[in-house]
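K.L.:
Fold the following for me, if possible:
(2 chains)
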Amino acid sequence: MSNVTQSRPRLWLETLLQVLAQWSGGGAAGQPAGARDWGLPTRRSEAWRFTDLRCLTQLDPTRLHTGTAAPHWPEAFRQAPSGQVSPRRLSLQLDGRGHWLSPQGEPPPWPHGLMPLPTGDIAPGQVLRTVIPSGTLLPLGAQLNGVTPGPSLGLQVSGPDPVHLDLAIQAEHAQAWLAPHVLLVLQPGARLCLNWHVAATAQAAVLPMVEARLGLGAQLEEATMAWGCPGAAFLGGSFIHQSPRSVYRRTNATWGWGLSRDEPFVRQSQGQAETHLHGLAVARGQSLLDTHSTVYFDGPAGRLRQRHQALADDRGHSVFNGRVVVPRVAQQTDASQLSRNLLLSTKARIDTKPQLEIVADDVQCTHGATVSCLQADELFYLQSRGIGRDQASRLLQRGFCEEILQRLPQSALLWPSLQSLLETPVPDQP
Amino acid sequence: MTSTETTPFREAPIQPGDLLLSIENLHACVEENEILRGVSLQIRAGEIHALMGRNGSGKSTLSKVVAGHPAYTVTAGSIHYRGQDLLGLAPEDRARSGVFLGFQYPVEIPGVSNLEFLRVSCNARRQHRGQEELDTFAFEDHVRETMAIVQMDPAFLERSVNEGFSGGEKKRNEVLQMALLEPLVAILDETDSGLDIDALRIVANGVKKLALPTTATLLITHYQRLLDAITPDFVHVMAAGRILRTGDKDLAMALEQRGYDWIEEADGSDTLQP
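P.N.:
The predicted structure is shown next:
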């Protein structure tokens, strides 16, 4: 294929794949099988029609690196030696070579109930392929993560007592390309709280990916705070395989990125499981924040509670596509999905689409989507108590965000970066 | 109408009998519909007024116009508060300067903590009065003490503003806000509606405690039962956007017994001006 005839995105991808292949010690010939066959999605594709990838393709593949900076851990995390805040809590950060280390730079001291996956037990990509139907193109973030070399964090969780795992990534240098991969196997009845803190303060790309297999009755709570800057791109994905009676709760807050594409994909393999998805996207400036979620019920009596809230101001753009698949085998599914959106500027934009594909006839599936500006009666109520209009507006925006943020674990709220989402705390000065 | 920069100052002392609120020939409409058609009313420090009238007579509209609700347009007349043109002030400036509206239907605001809302409101008023603002600790002590006035459970501080509150709890929260803001003129729009007997007694006691010789209260109500607990100095009857008759507490008793028809037929012929 001649470069002359290639489009710029195609050329960009070719170059990127060559660079990533060199990182893994290969060269162009070392590209993963099939990698040369896929291309960057275009806006002609339904799933990408609102999402412009320029923020990603403006990165120069020849200058990419894996340099990270030390995250600004909250005091409560830093006090602990070796990242182990308590016997059942572990805090890790990504180093410049794709390794996870404690904030003090040491290898992880594994807490009780959490240990590396035995070698050869399960390989990265294996859970993903049980979640995404074969023959289906993988999400772009997962594809790019999959071809980026670097050891993944493979962990086995056991025991009924909850284990807490805090992961932090900080991209502070331009052209950083960070693709952390976390593979989790939760034994039956095991409980894990996984907290991500992802930050980018330079033109960079962060592509975190989680694969998790939840055994019978296992519980995984995944909380993500992902905040970036105008030149930064975030392509995240969680691929969750749930056994019966398992519970998966995902809460994420995303703001500040030039481009964010978040693609959680959950499969309840035999139904009878619970999935809770709560997302907050705050699109200010020219931020484009896109969430495409899929929940697939492969058995009866599964339950889904999903709520996505987005706030778009300035020229910000929020996209939400919530796909729920209920085939005939998934009788007595109970699913609800709500998309609430605040549109604060005439140049901001919200695109929201529920996508319920229901074949089973004995189910209860609801969905709703609202787009509104700040409520005049709420504004007046606050003003009538002496609160100025601007301050009242900030309070209401903050309240809108809090509806999702209050679902984050307390430890996630310790990160000072949360204040950049809420802008400034509401001052007393009217 | 925009909010003005607030310059801290000490509110001038008020003597009982000082004119606080003066409404003259007020006309107001919402969209194209004229609701108020020449309301005139004067309220002095130390007075409790009751405003009664049929549904749709304009009572709530009057309260919202005084508070500065943006949906209403004043087409004629004036409102002066302590000699100042109230209509020139933004709603927040009216509140900071001491005008309070207790809502008939308090608004639920999900996600906004009641405690933070109360603290920011209280400090806005305090700053206007030239008082030191309360930090979070001092305010929490203050609000917990104040909640005793309406026998309100402190657990409501942790919840979102009015969210999931029962009707009675919402009204108690309104009176709590009134107690924290220490208004000079409090307009309570059907604060008694939806309350059971005990809740009515608690709310009425709270309002009575807050009615001082240097403040004024305007109670909008349909029922004598509130006026059994709080004796008004003046009772006004409103119909078709005007105050048709003014009397004392006996007028409220007569309304309870005879309804409104006789007032509208007489059309204010024996009005007692306050």
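K.L.:
Which residues of the stretch 251-400 of chain A lie near chain B?
P.N.:
Selection of the stretch 251-400 of chain A residues close to chain B by CB under 8 Å from any CB of the partner chain yields A:376-378, A:380-389, A:391-392, A:395-396, A:398-400. The way it works is simple: take the backbone N, C-alpha and C, and place the C-beta from them, glycine included.
K.L.:
Of those, just the buried ones, ChimeraX syntax please.
P.N.:
Those of those that count as buried under 16 or more other CB atoms under 10 Å in any protein chain shown are selected in ChimeraX with:
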select /A:378,380,381,382,383,384,385,386,387,388,389,391,392,395,396,398,399,400
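K.L.:
Against chain A, how distant is residue B:58?
P.N.:
Counting by CB to the nearest CB, to the nearest Å, the gap from residue B:58 to chain A is 19 Å.
K.L.:
so how many other residues sit close to that residue?
P.N.:
Taking other CB atoms under 10 Å in any protein chain shown as the neighbour definition, residue B:58 ends up with a count of 24.
K.L.:
so what pLDDT did it get?
P.N.:
According to the per-residue confidence, residue B:58 scores 97 in pLDDT.
K.L.:
which ones are touching the nearest residue to it once chain neighbours are set aside?
P.N.:
Take residue B:58 and drop its neighbours on the chain: the residue closest to it by CB to CB, 6 or more residues apart in numbering or on different chains is residue B:241, 4.3 Å away. Residues touching residue B:241, when contacts are defined by CB atoms under 8 Å, 6 or more residues apart in numbering or on different chains, comprise B:27, B:34-39, B:57-58, B:61.
K.L.:
any idea which residue sits dead centre in chain B?
P.N.:
If you average the C-alpha coordinates of chain B and look for the closest C-alpha using CA atoms, centre = their mean, you land on residue B:187, 1.3 Å from that point.
K.L.:
Wait, a strand at it?
P.N.:
Yes. Assessed by DSSP: H, G, I helix; E, B strand; the rest coil, residue B:187 belongs to a strand.
K.L.:
Please name the bridge partners of it.
P.N.:
According to DSSP bridges, residue B:101, residue B:218 are recorded as the beta-bridge partners of residue B:187.
K.L.:
measure it to chain A for me?
P.N.:
For residue B:187, the distance to chain A equals 10 Å [CB to the nearest CB].
K.L.:
Could you say which helix or strand holds residue A:419?
P.N.:
Secondary-structure assignment from DSSP states H and E places residue A:419 in helix A:418-421.
K.L.:
one step back: pull out the buried residues from the contacts of residue B:241.
P.N.:
Using 16+ other CB under 10 Å as the burial test, the contacts of residue B:241 include B:27, B:34-37, B:39, B:57-58, B:61 as buried.
K.L.:
Looking at those, spot the one nearest chain A.
P.N.:
If you rank the buried ones among the contacts of residue B:241 by distance to chain A using CB to the nearest CB, residue B:61 comes first, at 13.9 Å.
K.L.:
Tell me the pLDDT of the closest residue to chain A within chain B.
P.N.:
As assessed by CB to the nearest CB, chain A sits closest to residue B:111 within chain B, at 3.1 Å. The per-residue pLDDT reported for residue B:111 equals 92.
K.L.:
swap in residue B:5?
P.N.:
Residue-level pLDDT assigned to residue B:5 equals 45.
K.L.:
How about residue B:272?
P.N.:
47.
K.L.:
and the stretch 101-250 of chain B, which residues reach chain A?
P.N.:
Proximity of the stretch 101-250 of chain B to chain A, by CB under 8 Å from any CB, involves residues B:101, B:103, B:106-107, B:109-113, B:116-117, B:119-121, B:123-125, B:127-128, B:133, B:160-161, B:177, B:181.
K.L.:
quick one: what helix or strand has the residue positioned nearest the centre of chain A in it?
P.N.:
With the centre of chain A defined as its mean C-alpha position, the nearest residue by CA atoms, centre = their mean is residue A:236, 4.4 Å away. Secondary structure assignment for residue A:236, by DSSP H and E: strand A:233-242.
K.L.:
gap between that strand and the chain center?
P.N.:
On the basis of CA atoms, centre = their mean, to the nearest Å, strand A:233-242 is displaced by 6 Å from the centre of the chain it belongs to.
K.L.:
for stretch A:336-354, same thing?
P.N.:
Its chain's average C-alpha position is 19 Å from that of stretch A:336-354, according to CA atoms, centre = their mean.
K.L.:
end to end, how far does that stretch reach?
P.N.:
End-to-end distance for stretch A:336-354: 11 Å, by CA to CA, to the nearest Å.
K.L.:
Now do it: everything it contacts.
P.N.:
Counting by CB under 8 Å, 6+ apart, the neighbours of stretch A:336-354 from elsewhere in the structure are A:50, A:283, A:304-322, A:324, A:356, A:365-374, A:397, A:400.
K.L.:
residues in contact with residue 54?
P.N.:
This is for chain A. Going by CB under 8 Å, 6+ apart, residue A:54 touches residue A:259.
K.L.:
oops, chain B please
P.N.:
Applying CB under 8 Å, 6+ apart to residue B:54 gives the contacts B:239, B:260.
K.L.:
Quick one, grab the pLDDT at it.
P.N.:
Here, the pLDDT recorded for residue B:54 equals 94.
K.L.:
Is the residue of chain A found nearest chain B in a helix, a strand, or coil?
P.N.:
Taking CB to the nearest CB as the measure, the point where chain A comes nearest chain B is residue A:399, at 3.1 Å. When states are read from three-state DSSP, the local structure at residue A:399 comes out as helix.
K.L.:
swap in residue A:366?
P.N.:
On the basis of three-state DSSP, residue A:366 is classed as strand.
K.L.:
That one contacts residue A:335, doesn't it?
P.N.:
Yes. Look at residue A:366 against residue A:335 with CB atoms under 8 Å: they come within range, at 7.4 Å.
K.L.:
So between these two, which is more surrounded?
P.N.:
A direct count of neighbours by other CB under 10 Å for residue A:366 and residue A:335 places residue A:335 higher, at 24 against 11.
K.L.:
Isn't the more buried one up against residue A:357?
P.N.:
No. Residue A:335 is not in contact with residue A:357 according to CB under 8 Å; the separation is 11.2 Å.
K.L.:
Now do residue A:238 against residue A:175, distance only.
P.N.:
Distance from residue A:238 to residue A:175, counting by CB to CB, to the nearest Å: 26 Å.
K.L.:
Tell me where chain A has helices.
P.N.:
Counting by DSSP state H, chain A forms helices over residues A:8-23, A:54-57, A:75-78, A:126-131, A:140-147, A:376-383, A:389-405, A:418-421, given from the N-terminal end onward.
K.L.:
any weak-confidence spans in the chain?
P.N.:
Went with chain A since none was named. Counting by pLDDT under 70, chain A contains low-confidence ranges at A:1-6, A:26-37, A:78-85, A:422-430.
K.L.:
oops, I was thinking of chain B
P.N.:
B:1-10, B:267-274.
K.L.:
for chain B, what spans make up the helices?
P.N.:
Listed in chain order (using DSSP H), the helices of chain B are B:59-67, B:91-96, B:114-128, B:136-147, B:167-181, B:197-210, B:224-229, B:249-258, B:261-266.
K.L.:
Out of these, the one nearest residue B:52 is which?
P.N.:
Proximity to residue B:52, assessed across the helices of chain B by CB to CB, is greatest for helix B:249-258 (6.0 Å).
K.L.:
Tell me the helices and strands packed up against that closest one.
P.N.:
Here helix B:249-258 touches strand B:48-53, helix B:224-229, strand B:234-239, going by 3 or more CB pairs under 8 Å, 6 or more residues apart in numbering or on different chains; DSSP states H and E.
K.L.:
Out of the ones you listed, which is closest to residue A:222?
P.N.:
Counting by CB to CB, residue A:222 lies closest to helix B:224-229 out of the helices and strands packed on helix B:249-258; the figure is 53.0 Å.
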